[in-house]
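Novice: have a look at this fold, sequence not included:
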């Protein structure tokens, strides 16, 4: 590998620094905009460093909506769905990869056809199903599907992983 001369290294570092500033500028601009008054927002020419920092914008934004409740809802749904996917998809995938039963490969092939169906095709029937059960505006439609199979792709991915593990480890 050839050594870069000092001039070449300097040029590379200057280009990297310019690229970093270019990529970070929108974030810096967003942070600047969040701590200025509305009147300073449309100032021409704009100042990169505002004359007066105002942190009340954060307080107003956090008090406008119940972000604590939004976070708790997201945490409940996410943790419940992850637990359901881990449990059900791993059980299904283990069954398809390690247990010999009649029609296993045909059933797995049939399940894989679910990967070919676009979500938009099943979206309205799913809504009608949950609406019929009077479960719209609840967490159940977001959590329950994860507990009943965990998704075709997750089953496929875990099955492929289980099949890569030697059977000798099962008996060890």
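Specialist: Thanks, I have the structure now. Because the structure is predicted, anything quoted here is derived from the model rather than measured.
Novice: any idea how far residue 160 is from residue 46?
Specialist: According to C-beta to C-beta, to the nearest Å, residue 46 and residue 160 sit 53 Å apart. Any C-beta I mention is one placed from the backbone N, CA and C, and that applies to glycine too.
Novice: the least confident helix or strand in the chain by mean pLDDT: which residues count as buried?
Specialist: Lowest by mean pLDDT, DSSP states H and E among the helices and strands of the chain is helix 38-41, with a mean of 80. Applying a neighbour-count criterion of 16 or more other C-beta atoms under 10 Å, the buried positions in helix 38-41 are residue 40.
Novice: buried set for the helix or strand just after that helix?
Specialist: For helix 38-41, the following helix or strand on the C-terminal side (DSSP states H and E) is helix 56-64. For helix 56-64, a neighbour-count test (16+ other C-beta under 10 Å) marks nothing as buried.
Novice: and if you look at stretch 133-145?
Specialist: Neighbour counts using 16+ other C-beta under 10 Å place 141, 143, 144, 145 of stretch 133-145 among the buried residues.
Novice: tell me which entries of these lie within strands.
Specialist: Members of these lying in strands (criterion: DSSP state E): none.
Novice: longest helix anywhere in this structure?
Specialist: Counting residues, the longest helix found in the chain (DSSP state H) is helix 67-98.
Novice: I'd like the average pLDDT over the helix or strand just after that helix.
Specialist: Once helix 67-98 ends, the next helix or strand along the chain (criterion: DSSP H and E) is helix 104-112. Mean per-residue pLDDT for helix 104-112: 92.
Novice: who are the packing partners of the next helix or strand after helix 104-112?
Specialist: Counting by DSSP H and E, the element after helix 104-112 in chain order, helix or strand, is helix 119-132. Judged by 3 or more C-beta pairs under 8 Å, 6 or more residues apart in numbering; DSSP states H and E, helix 119-132 is in contact with helix 140-147.
Novice: centre of the chain versus the helix it packs on, how much separation?
Specialist: Taking the mean C-alpha point of helix 140-147 and that of its whole chain, the gap between them comes to 17 Å (C-alpha atoms, centre = their mean, to the nearest Å).
Novice: any regions of the chain where pLDDT drops low?
Specialist: 1-4 (pLDDT under 70).
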